[in-house]
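Asks: sequence below, structure please.
(one chain, ligands or ions: 1)
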Amino acid sequence: MGGKCAVMLDDGSCKVEFKKETSSGGIISSGNRPTDVEIKGSVGLNGQNNFQDVYKIQYALNKVPPIDGGPPSPIKIDGKCSQETFKTIQNFEQKQFGLSGITSRIEPGKSTHLKLKEVSGRYNVFPALPLDLVNDAWLFAGMMQHIPFTKTCINAAMTKISSAQIGGMFSEEAINLLNRHFALDKHPAKQSAMQQIYEIYGFMLNVLNRPDNFFTLDTDNSGETISTVAFARLGGFFSKETDGRIVFRRGTALATGIQDFAAFIIIHELRHFVERQSEDGHFGKGWVTDSGMQRLTPWERIFNCDTYAGFALEAKHGVMERPGWVRTTKFR
Ligand SMILES: [Zn+2]
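Replies: Residues are numbered from 1 along each chain as shown. Sure thing, here's the model as predicted:
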C-alpha cells in the first residue's frame, strides 16, 4: 500500500510525496537510509554507472516528489542503471532546467548532481520530539477548537456560491469574490465550475462533521520524515482504506491561538483530503493577492488548496488585508 501524501512544512511550503503505510494505518519510515548523494562516477546515459553510485541516485530520485521532477511512482532501487532510471533523470532535469538542460547523465559535482542533492535534501528527516495524545492533548485540542469556526467559513463559502448561482441582491458581491479567487470570469464553463467548487466544500463539511474520524495528532512520529506542520493523504476521504486522516504535528502550535490561521491550515489540508482527480493542489501558495496566486489559471484554481482557504476566509470576513501569518513559497 501507500499513497500520495500532501505535507505542510515549517517554512509554509507544502509538497506531495509518497509514503509507506502499515496496514494499521501508521506511516512507517524506511529505517536507516543513506542521506548523502555523494557519487564517485557518472550515472546515466553512457555513464560509468557504478553500483553504489546508481543506488544512491535512485534512492535520491525517489525522495523527490513529482512536483519537483521526481518519478510518479517510486523507481526500483537496485544499483543498475535501468531505462526507468535514465527516464527519471531526464524528467528531473527537464523539470529543474527545462528541455535544453536534459543530459540524461549525472556527473559528480555538476549541475544535475548539485540540484538533486539540494532538492532531495529538503526531504531529509526533521528532528522532532515524539508527540503523544496525553501530554500533547493541548496541541490537538488547540486545533480542534477551531473546527466549528472552520465550518462557518465553509458555510459562508457555499452560501456565496449559491448566491452567485441564484442571482438576486447578493449575487454581484458573490460573483466578484468568486472571480477574485477562482477567476470564474475567465472560466469557459462557469456554471459547472461553480458546482464543482460547491461540492468540494460540501465534502469538506462532511469531514468536519465527523472530526473524530478524520483528524489526529502524529503521536508516533509517523510524519517525522515528511512534515512538521500537518499532512493529509491525497483523496483520503474517498480511499477504500479507512485509516486515512488529516494529521497535525508540532508546527501547528503557532496556529492554535490564531483562529483564521488554524482555519486556513485545516481547509488547505481538507482540499487535499477530498481530492478525487489526484491533482496535487499546489499550483500556488499564499494569499490571493500574491503574484504567484494571481498567475494561476481558472483550471488550476479549482484544485489549488490555498485558493479554497483564502476564498472561505474572505467569504466569512469580507475582503481582508493579507494576514501576517500567510506564507508564500516559491511557485513553479
Ligand atoms: Zn498542501
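
Asks: how many neighbours does the closest residue to the ion within the stretch 201-332 of the chain have?
Replies: Residue of the stretch 201-332 of the chain nearest the ion, by CB to the ion: residue 305 (4.9 Å). All C-beta atoms are positioned from the backbone trio N, CA, C, and that covers glycine. When neighbours are defined as other CB atoms under 10 Å, residue 305 has 27 of them.

Asks: my read: it touches residue 271, true?
Replies: Yes: at 4.1 Å, residue 305 counts as touching residue 271 under the criterion of CB atoms under 8 Å.

Asks: any common contacting residues for those two?
Replies: Residues within reach of residue 305 and of residue 271 at once, by CB atoms under 8 Å, 6 or more residues apart in numbering, are residue 281.

Asks: in stretch 314-328, which residues are buried?
Replies: 314, 315, 316, 326, 327, 328 (16 or more other CB atoms under 10 Å).

Asks: pull the number of nearby residues for the closest residue to the last one other than its chain neighbours.
Replies: This means residue 328. Among residues not flanking residue 328 along the chain, residue 286 sits closest, at 3.4 Å (CB to CB, 6 or more residues apart in numbering). Around residue 286 there are 19 other residues, counting by other CB under 10 Å.

Asks: list the contacts for residue 286?
Replies: 292, 293, 306, 326, 327, 328, 329.

Asks: confirm it sits in a strand?
Replies: No: membership of residue 286 in a strand is not supported by DSSP: H, G, I helix; E, B strand; the rest coil, which gives coil.

Asks: hang on, isn't residue 142 packed against residue 254?
Replies: No: assessed by CB under 8 Å, residue 142 is found out of contact with residue 254, at 10.1 Å.

Asks: the more surrounded of those two?
Replies: Taking other CB under 10 Å, residue 142 and residue 254 do not tie; residue 142 has more neighbours (17 against 14).

Asks: relative to residue 256, how far out is the more buried one?
Replies: 3 Å (CB to CB, to the nearest Å).

Asks: for the stretch 101-250 of the chain, which segments are assigned as strands?
Replies: 105-106, 215-217, 230-233, 246-248 (DSSP state E, counting those that start in this stretch).

Asks: tell me how many other residues surround the residue lying closest to residue 179 once chain neighbours are set aside.
Replies: Leaving aside its sequence neighbours, residue 179 sits nearest to residue 185 (CB to CB, 6+ apart; 4.6 Å). Counted with other CB under 10 Å, residues neighbouring residue 185 total 12.

Asks: my read: residue 185 touches residue 176, true?
Replies: No: contact criterion CB under 8 Å: residue 185 and residue 176 do not qualify, at 9.3 Å.

Asks: could you list the residues of this structure in contact with the ion?
Replies: 6, 14, 305 (CB under 5 Å from the ion).

Asks: list the contacts for residue 169?
Replies: By CB under 8 Å, 6+ apart, residue 169 has no neighbours at all.

Asks: who's in contact with the residue lying closest to residue 14 once chain neighbours are set aside?
Replies: Excluding the flanking residues, the one nearest residue 14 by CB to CB, 6+ apart is residue 8, at 4.4 Å. By CB under 8 Å, 6+ apart, residue 8 lies in contact with 14, 227, 229, 230, 231, 251, 265, 268, 269.

Asks: likewise residue 293?
Replies: 284, 285, 286, 287, 306, 307, 310.

Asks: ditto for residue 90
Replies: 102, 104 are the contacts of residue 90 under CB under 8 Å, 6+ apart.

Asks: what about it, which helix or strand?
Replies: helix 83-97 (DSSP states H and E).

Asks: now that helix: buried residues?
Replies: 85, 86, 88, 89, 90, 91, 92, 93, 95, 96.

Asks: residue contacts, the last one?
Replies: Shown in contact with residue 96 (CB under 8 Å, 6+ apart): 68, 69, 112, 115, 119.

Asks: for residue 197, see how far away it is.
Replies: From residue 96 to residue 197 the distance is 33 Å (CB to CB).

Asks: ranges for the helices of the protein?
Replies: 51-63, 83-97, 111-121, 137-144, 147-166, 171-182, 190-208, 211-214, 253-256, 259-273, 291-294, 298-303, 305-317 (DSSP state H).

Asks: residues contacting the longest one, please?
Replies: Residues outside helix 147-166 that contact it (CB under 8 Å, 6+ apart) are 170-171, 173-175, 177-178, 184, 191, 194-195, 197-198, 201-202, 204-205, 208, 211, 215, 259, 262-263, 266-267, 308, 311-313, 315-316.
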